[in-house]
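Enquirer: Make a model of this:
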Amino acid sequence: MRGQDQLLANSFQKESGHTVMTVGRLEPYPNALNVIAGRVRFSIDFRSPSEHVLERGEKRLHTQLGGVAARRSLDVDVTFTERLPGVPLDPGVCHMLHDAAGRLNIGLGEAKSGALHDTAILAPFMPAAMLFVASRGGIGHNPSEFSSIEHIALAACVLVEAFQT
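Expert: Purely as a prediction, here's the structure:
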């Protein structure tokens with residue numbers, strides 16, 4: 001996102017941390033070389049662990065999109081395809097993973113995920129947590145994503161250590 005839209009995403013990141021806004025799909029019509037698109041459909045994935053930030057962001061996003069459309073004499077139609085609250089992870093399982101990493105002298109940082117991972121589906125029914133594996137450059141959900149065999153092995157060791165006792 002550029003200009004005002006980039007400022008919007010950055011302002012939420014500075015305000016609450018772990019907040020991201022990503023344009024994931026662009027579908028211009030007619031999508032032809034050297035032809036100005038008459039219509040563009042795009043997706044915005046807006047994630048935050050704070051329900052308050054999501055609500056405020058939704059309003060600000062509507063305002064900004066409406067402003068751009070008004071300045072350019074365009075129509076804008078916003079459709080929400082999914083809106084899900086964050087799912088808390090089980091503190092006991094998280095503690096087990098941290099303890100196991102400590103026993104193995106492996107640094108285990110904190111990460112928050114606003115995505116609908118399998119854990120969000122399982123958490124209402126059983127104790128659940130996530131163990132993220134480092135990716136080169138921190139890039140995920142992208143064709144460039146790559147995790148080394150060493151990082152994958154470290155995560156496997158943490159799992160084994162956490163659940164063998």
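
Enquirer: dump the residue contacts of residue 144.
Expert: 136-137 (C-beta atoms under 8 Å, 6 or more residues apart in numbering). Just so you know, the C-beta spots here come from the backbone N, C-alpha and C atoms, and that holds for glycine as well.

Enquirer: mind giving me the domain ranges of this structure?
Expert: 3-71, 91-164 (automatic domain parsing).

Enquirer: worst average pLDDT in those domains?
Expert: The minimum mean pLDDT among those belongs to domain 3-71 (a mean of 83).

Enquirer: And what about residue 120, helix, strand or coil?
Expert: Following DSSP: H, G, I helix; E, B strand; the rest coil, residue 120 is assigned to helix.

Enquirer: Is there a neighbour count for the residue nearest to it when sequence neighbours are not counted? I'd like the number.
Expert: Sequence neighbours aside, residue 87 is the residue nearest to residue 120 in space, at 4.2 Å (criterion: C-beta to C-beta, 6 or more residues apart in numbering). Neighbour count for residue 87, taken as other C-beta atoms under 10 Å: 17.

Enquirer: what pLDDT does residue 87 get?
Expert: 80.

Enquirer: Please render the domains of the chain as TSV that adds distance to residue 78 to the earlier fields.
Expert: TSV is the format used below for those (distance: least, C-beta to C-beta, whole Å):
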stretch	distance to residue 78
domain 3-71	6
domain 91-164	19
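
Enquirer: Out of those domains, the one nearest residue 83 is which?
Expert: domain 3-71 (7.7 Å; C-beta to C-beta).

Enquirer: Contacts only, for the residue located most distally from the centre of the chain.
Expert: Note on the chain: the largest C-alpha distance from the chain mean falls to residue 34, namely 33.5 Å (C-alpha atoms, centre = their mean). Not one residue lies near residue 34 by C-beta under 8 Å, 6+ apart.
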